[in-house]
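Colleague: The following block contains a protein sequence and its predicted model.
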Amino acid sequence: MSSGAVKCTRNRGPRPIAITGDPQELLTPGEVGHLLKIDSESVLRRFAHIPGVFDIGSAEIVGRFGKEKPRRRYRQLRIPRHVLDRYLEGTRVQ
């Protein structure tokens with residue numbers, strides 16, 4: 001009847017994305033926070049909406065009328081080195 005493959009009808013995690021470029025150049029919020037001497041939560045807030053940053057976390061689900069159980073958002077960012085350099089150039093004091 002079946003070949004052993006199971007079809008999942010429910011999304012159980014983040015969508016797979018193709019990350020191009022050198023994987024060594026992708027930094028976590030903790031690594032960026034260590035470089036900038038700020039908390040990783042501050043890095044998440046500052047870099048969440050910058051173009052070029054990969055958000056590989058899951059979206060927040062808001063329960064409506066009992067159809068879906070509310071779940072919080074898990075934000076996982078990967079920040080390319082060139083985006084960090086561009087951010088630092090733009091925030092430098094002149």
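Modeller: Now that the structure is in, tell me what you want to look at.

Colleague: for the protein, which spans come out with low pLDDT?
Modeller: Across the chain, the ranges flagged by pLDDT under 70 are 1-24, 63-66, 94.

Colleague: Do a quick rundown of the helices in it.
Modeller: 29-36, 40-47, 81-91 (DSSP state H).

Colleague: So which residues make contact with the first one?
Modeller: Contacts of helix 29-36 with the rest of the structure, by Cβ atoms under 8 Å, 6 or more residues apart in numbering, involve 27, 39, 40, 42, 43, 44, 47, 77, 79, 84. For the C-beta atoms, the positions are set from N, CA and C on the backbone; glycine is no exception.

Colleague: Next, format the helices of the chain as a markdown table and append distance to residue 70 and mean neighbour count.
Modeller: Converted to a markdown table, the helices of the chain look like this (distance: least, Cβ to Cβ, whole Å; neighbours: other Cβ atoms under 10 Å):
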| stretch | distance to residue 70 | mean neighbour count |
| --- | --- | --- |
| helix 29-36 | 24 | 16 |
| helix 40-47 | 21 | 16 |
| helix 81-91 | 32 | 13 |
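
Colleague: I'd like those helices written out as JSON lines, with distance to residue 55 added.
Modeller: Shown next, in JSON lines, are the helices of the chain (distance: least, Cβ to Cβ, whole Å):
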{"stretch": "helix 29-36", "distance to residue 55": "11"}
{"stretch": "helix 40-47", "distance to residue 55": "9"}
{"stretch": "helix 81-91", "distance to residue 55": "12"}
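
Colleague: Out of those, flag the one nearest residue 71.
Modeller: Closest approach to residue 71 among the helices of the chain (Cβ to Cβ): helix 40-47, 17.9 Å.
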